[in-house]
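Student: all I have is the shape, not the residue letters:
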């Protein structure tokens, strides 16, 4: 299975920046060989991509990088999360397996079949998941070597209305949800995010999505790696589902740049 485009891209920032803006779910690209294993017809697949893609988040990260005083690094997934989801655990630790959304999805956002239930995820894990994880691990290790620390800021979005696949969607859905990790999200990083995004409306904590991405080599082990997930409610910057971006995108990009600057020094 050869992808039509690179699976991911690391866009360099300033040599003294500890910040990596991680954008894992912004793309819609699905290589032809992977598409052949998806049971949806083309119309249904486009509709699913509208729901599952964190549309325009790569543009938000790009805007932030352009505005930040110290340019952050950006690690951007160029393929859809329907190929593999690089942020899932690749084994039984992943709670989203309960709804068919482990590292390789077998169900859609509406819990309908996406792939056959007996699909072997191994080839996709080997071809796409492991290289992505290795590259992200190397990017974090590089920031540690260069600056003595790394700050991974995940840039995500989520729908205004709960979708059937959400396991914890019954709580608040604020304009900006900040996902945290007990080990890797220090209080100063969370406080900086609350201040940076204050102009974008209410910020909430770990609802409807919780946690923050850290490569497994560092996860729960290295406190020099800080992490925060920024989940932006889509109706604040775009037409749902899958529509164009609006003026809110620039405001969010500026807020993310403020966060980058706050944690870069």
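Tutor: Perfect, I can see it now. Fair warning: this is a prediction, and the values are worked out from it, not measured in the lab. Numbering: from 1, shown residues only.

Student: do you know the pLDDT at residue 5?
Tutor: With respect to pLDDT, residue 5 has a value of 52.

Student: I meant to write residue 91 there.
Tutor: Residue 91 is given a pLDDT of 88.

Student: count of neighbours near it?
Tutor: Using other CB atoms under 10 Å, residue 91 has 10 neighbouring residues. C-beta coordinates here come from the backbone N, C-alpha and C atoms, glycine included.

Student: look up how far residue 216 lies from it.
Tutor: 10 Å (CB to CB, to the nearest Å).

Student: okay, helices next: where are they in the stretch 51-200 of the chain?
Tutor: Assigned by DSSP state H, counting those that start in this stretch, the stretch 51-200 of the chain shows helices spanning 57-67, 122-124, 130-147, 187-196.

Student: mean confidence score for stretch 34-48?
Tutor: 98.

Student: mind listing what's buried in that stretch?
Tutor: The neighbour-count check on stretch 34-48 (16 or more other CB atoms under 10 Å) flags 34, 37, 38, 40, 45, 47, 48 as buried.

Student: so the last one makes contact with residue 111?
Tutor: No. Under the contact definition of CB atoms under 8 Å, residue 48 does not touch residue 111, with a separation of 11.6 Å.

Student: tell me, what's touching those two both at once?
Tutor: The contact sets of residue 48 and residue 111 do not overlap (CB atoms under 8 Å, 6 or more residues apart in numbering).

Student: how long is stretch 66-79 end to end?
Tutor: Terminal residues of stretch 66-79 lie 23 Å apart, using CA to CA, to the nearest Å.

Student: over to stretch 88-98?
Tutor: Using CA to CA, the span of stretch 88-98 from its first residue to its last is 13 Å.

Student: what do you get for stretch 104-120?
Tutor: 9 Å.

Student: just list the residues touching the residue nearest to residue 86 when sequence neighbours are not counted, thanks.
Tutor: Spatially, and ignoring its direct neighbours in sequence, residue 86 is nearest to residue 132 (4.5 Å; CB to CB, 6 or more residues apart in numbering). When contacts are counted by CB under 8 Å, 6+ apart, residue 132 is found next to 7, 8, 77, 84, 86.
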